[in-house]
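A.B. asks: Sequence first, then the predicted structure:
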Amino acid sequence: MTSKKVTVASDWLAGCAGCHMSFLDIDERLVNLIQLATLTATPITDLKHPSEQGVDVGILEGAVNNSAGEAVAKRMRERSKILIALGDCAVFGGIPTMRNRGCRGDALKRAYIESESTVDGRVPDDPELAQMQEARPLDQVVAVDVYLPGCPPPADAIFHVLTSLVEGKKPQLTGKLLDWH
């Protein structure tokens, strides 16, 4: 009799997507992980949300910086038993929060009104478009269970956290696992 595989879903909010690239650096160890877990949604498969039934482990990379990202974060939290904040952007806001120091109104004016690539000389206000917000780390929007810092986190740290979780253990990150050199 085989035990049920742990389901894992991941998504990307805002940042550089380097954390998911570091995930791929796990290389052949992914084969071992896939024997224990089923990846139901990733940015690579272009499935944007975990299944309606939910997942055991949800992974979110990036800061929340618009209304669409906030909705993704809340949906992932609702559908995940365990939520991982992956990378510095998700953990403490990282590089996306640097834009908070500037005036978003001025940036929108330069992009849409003053540039040659305008939309009728006005800032779009279509309700279907995500509304820009101040960039925030994930835990300012939803509860986070596991923090995995790094820009990007080392592949060994990602593998350790995922392997621990799919084996039903609490991951213990050490400085050695988070050493990028």
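C.D. replies: All right, it came through fine. Residues are numbered from 1 along each chain as shown.

A.B. asks: give me the low-pLDDT residue ranges for the protein?
C.D. replies: 1-3, 42-52, 100, 104, 117-119, 128-130, 180-181 (pLDDT under 70).

A.B. asks: now the strands for it?
C.D. replies: 6-12, 37-41, 55-61, 64-66, 80-86, 132-136, 146-148 (DSSP state E).

A.B. asks: quick one: buried residues of the second one?
C.D. replies: Right, the one you point to is strand 37-41. By neighbour count on 16 or more other CB atoms under 10 Å, the buried set for strand 37-41 is 37, 39-41. The way it works is simple: take the backbone N, C-alpha and C, and place the C-beta from them, glycine included.

A.B. asks: Now for Val64, how many residues are close by?
C.D. replies: 29 (other CB atoms under 10 Å).

A.B. asks: Let me have the strands of the chain in TSV, adding distance to Glu116 as columns.
C.D. replies: Below are the strands of the chain laid out as TSV (distance: least, CB to CB, whole Å):
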stretch	distance to Glu116
strand 6-12	30
strand 37-41	38
strand 55-61	33
strand 64-66	24
strand 80-86	37
strand 132-136	21
strand 146-148	41
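
A.B. asks: Buried deepest among the ones you listed, which one?
C.D. replies: strand 55-61 (a mean of 27; mean count of other CB atoms under 10 Å).

A.B. asks: can you give me the angle it makes with strand 6-12?
C.D. replies: 20 degrees (axes from the mean of the first three to the mean of the last three CA atoms, to 10 degrees).

A.B. asks: who does strand 55-61 touch, helix- and strand-wise?
C.D. replies: Contacts defined by 3 or more CB pairs under 8 Å, 6 or more residues apart in numbering; DSSP states H and E place strand 55-61 against strand 6-12, strand 37-41, helix 67-79, strand 80-86, helix 88-92, helix 155-166.

A.B. asks: Distance to Glu114 added to these, as JSON lines?
C.D. replies: As requested, the helices and strands packed on strand 55-61 are exported to JSON lines (distance: least, CB to CB, whole Å):
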{"stretch": "strand 6-12", "distance to Glu114": "30"}
{"stretch": "strand 37-41", "distance to Glu114": "39"}
{"stretch": "helix 67-79", "distance to Glu114": "24"}
{"stretch": "strand 80-86", "distance to Glu114": "36"}
{"stretch": "helix 88-92", "distance to Glu114": "28"}
{"stretch": "helix 155-166", "distance to Glu114": "42"}
